[in-house]
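Student: give me a model of this one.
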Amino acid sequence: MANGKTKRQKPKVASGLEEIRTEDCRRRDGFVENVHIIGGMLAGGEETRVVFDGCLLEDVSFANAVFHEVEFVDVIFETCDFSNVQFEHAVFHRCEMRGCKLTGANFANSKLSHMLFQTCDGRYVNFSFAELKEIDFVECQLPDSDFYESGGTGFRFDNCKIDNINLSETDLDGVDLSTSTYERIEVSLTKVGGCIVSQEQAIGFARMLGLTVKEE
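Tutor: Next up, the predicted model:
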């Protein structure tokens, strides 16, 4: 997972979008395009093969919803609630989530590319077995989150809280953890080569490897 300067592409969302209500989405035959949705709930049931393209969503709740094969392309989410949403096998491409609540959200087995998570609360979020390409987590709360065997390229944590995060079986080559804080994380020792850490964090990794760190 190469790190360094982001190559992430930004969403292509037009200005002056038509404003609609969340209930209007159900009248669009599973394809919601070039609209601005403010408030309301997109939850309470199961949705299959829904596509959102070129949209802005503000203060929309997806809490406890179940989506099958949903796709989001060029979508910006601002202060939306994704608590306990089920997004297994979903596709997100060129999307941004800003100030969103992701507590317990499930992105397992999903494909996410060119995506920003900024100042989001992602406690207990699940990205296990997800494919992550050019993903930036910026100033997010991610304690107890699960990235078990997630793969891809360009996967970054910037000033995040990642205590007790599960990165087991995830290749950390080039992943920069140095600006993020944690007391304990789960990693696979065979996959930590090339991970970028601070001096303090390096001591913890050395102990994981069975080394005794001599104090000055």
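Student: where along the chain do the helices fall?
Tutor: For the chain, the helices defined by DSSP state H cover 22-25, 199-208.
Student: who does the closest residue to Ile20 other than its chain neighbours form a beta bridge with?
Tutor: Once flanking residues are discounted, Ile20 sits nearest to Val35: 4.9 Å by C-beta to C-beta, 6 or more residues apart in numbering. No exception for glycine: its C-beta is placed from N, CA and C like everyone else's. Beta-bridge partners for Val35, by DSSP bridges, are Glu18.
Student: count the neighbours of Val35 for me.
Tutor: 19 (other C-beta atoms under 10 Å).
Student: look up how far Ile135 lies from the residue nearest to Glu96 when sequence neighbours are not counted.
Tutor: Excluding the flanking residues, the one nearest Glu96 by C-beta to C-beta, 6+ apart is Leu116, at 4.4 Å. Going from Leu116 to Ile135 by C-beta to C-beta, to the nearest Å gives 8 Å.
Student: compare the two (neighbour count), which wins?
Tutor: Per other C-beta under 10 Å, whichever of Leu116 and Ile135 has more neighbours is Ile135, with 25 against 21.
Student: if I look at the more buried one, what pLDDT would I see?
Tutor: We have a pLDDT of 94 for Ile135.
Student: hmm, Gln141 is touching Arg123, no?
Tutor: Yes: counting by C-beta atoms under 8 Å, Gln141 touches Arg123, with 6.0 Å between them.
Student: these two touch, right, the residue nearest to Ile20 and Val60?
Tutor: No: with contact defined as C-beta under 8 Å, Val35 does not reach Val60; the gap is 11.4 Å.
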